[in-house]
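**Student:** okay, predicted coordinates and the sequence, questions at the end:
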Amino acid sequence: MTRFDFAPYRRSMVGFDRLFDMLENQGRSSSGDNYPPFNIEKRGDDAYRITLAVAGFTPEDLDITAQQNLLVIQGRKGEDAQDGNFLHVGIAQRGFERRFELADYVRVESANLENGLLVVDLVREVPEAMKPKKIAIGGHTPLTVVESEEASEAA
């Protein structure tokens with residue numbers, strides 16, 4: 001495995017500590033377990049979709065938890081006794097936990113289970129205060145003077 005050294009970037013980039021920590025931890029915690037398989041799709045400038053193949057799971061078996069910058073999807077199968085004498089068992093029946101790191105201001109919009117696919121739609125909503133704004137040179141913003149009704153009546 002290739003190890004990246006982020007030290008040169010840490011010296012010149014302020015406020016990106018969380019990103020560097022996340023990249024370093026991801027390299028360490030890659031366990032190689034690819035169950036269940038999933039897709040991540042960009043559906044627009046601020047819209048994303050995660051699709052997990054969860055054949056055999058019901059909505060009651062799945063738990064989706066969204067918290068700040070983290071989406072956790074868990075599947076827990078009951079210990080149901082399998083009827084029959086199987087010669088080959090290729091359909092996984094084990095539980096799982098998938099974690100997805102989310103960028104700031106990304107929230108879960110909806111989740112649906114249909115035909116063995118769990119579809120989770122995400123949307124990024126940047127607050128108005130965080131959007132870019134034009135700053136006047138000299139640091140002064142133009143003032144808008146609104147006359148009150150009392151001032152106009154007194155005149």
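**Tutor:** In hand now; what should we look at? It should be emphasised that the depicted structure is a prediction, and the values quoted were computed from it without experimental measurement. Numbering: from 1, shown residues only.
**Student:** in this protein, which residue is closest to the centre?
**Tutor:** Nearest residue to the geometric centre of the chain (CA atoms, centre = their mean): Leu102, 3.1 Å.
**Student:** tell me which residues touch the closest residue to that residue other than its chain neighbours, please.
**Tutor:** Counting by CB to CB, 6 or more residues apart in numbering, Leu102 lies nearest to Asn69, which is 5.1 Å off, once chain neighbours are set aside. Yep, even glycine has a C-beta here, placed from its N, CA and C like the rest. If a contact means CB atoms under 8 Å, 6 or more residues apart in numbering, then Asn69 has Glu101, Leu102, Ala103, Asp104, Val106 as its contacts.
**Student:** which among the residues you listed gets closest to Thr58?
**Tutor:** Leu102 (25.6 Å; CB to CB).
**Student:** ramachandran angles for the closest one?
**Tutor:** As for Leu102, its main-chain torsions (degrees, to the nearest 10) stand at phi -110, psi 150.
**Student:** just checking, it touches Gln67?
**Tutor:** No. Contact between Leu102 and Gln67 fails when scored by CB atoms under 8 Å: they sit 9.1 Å apart.
**Student:** hmm, who's touching stretch 54-68?
**Tutor:** Taking CB under 8 Å, 6+ apart as the rule, stretch 54-68 contacts 36, 71-78, 91, 93, 102, 107-108, 111, 113, 116-118, 120.
**Student:** and that stretch, C-alpha only, in CSV?
**Tutor:** Taking C-alpha atoms only, stretch 54-68 is exported to CSV below (Å, rounded to 0.1, in the frame of the first residue of the first chain):
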residue,chain,number,x,y,z
VAL,A,54,-29.2,-5.4,-0.2
ALA,A,55,-31.0,-8.5,-1.6
GLY,A,56,-32.9,-10.4,1.1
PHE,A,57,-33.1,-7.4,3.5
THR,A,58,-36.4,-5.9,4.5
PRO,A,59,-36.9,-2.3,5.6
GLU,A,60,-37.1,-3.6,9.2
ASP,A,61,-33.6,-5.2,8.8
LEU,A,62,-32.0,-1.9,7.8
ASP,A,63,-31.0,1.1,9.9
ILE,A,64,-29.9,4.4,8.4
THR,A,65,-28.3,7.0,10.7
ALA,A,66,-27.3,10.4,9.6
GLN,A,67,-25.2,12.6,11.8
GLN,A,68,-22.9,15.5,11.1
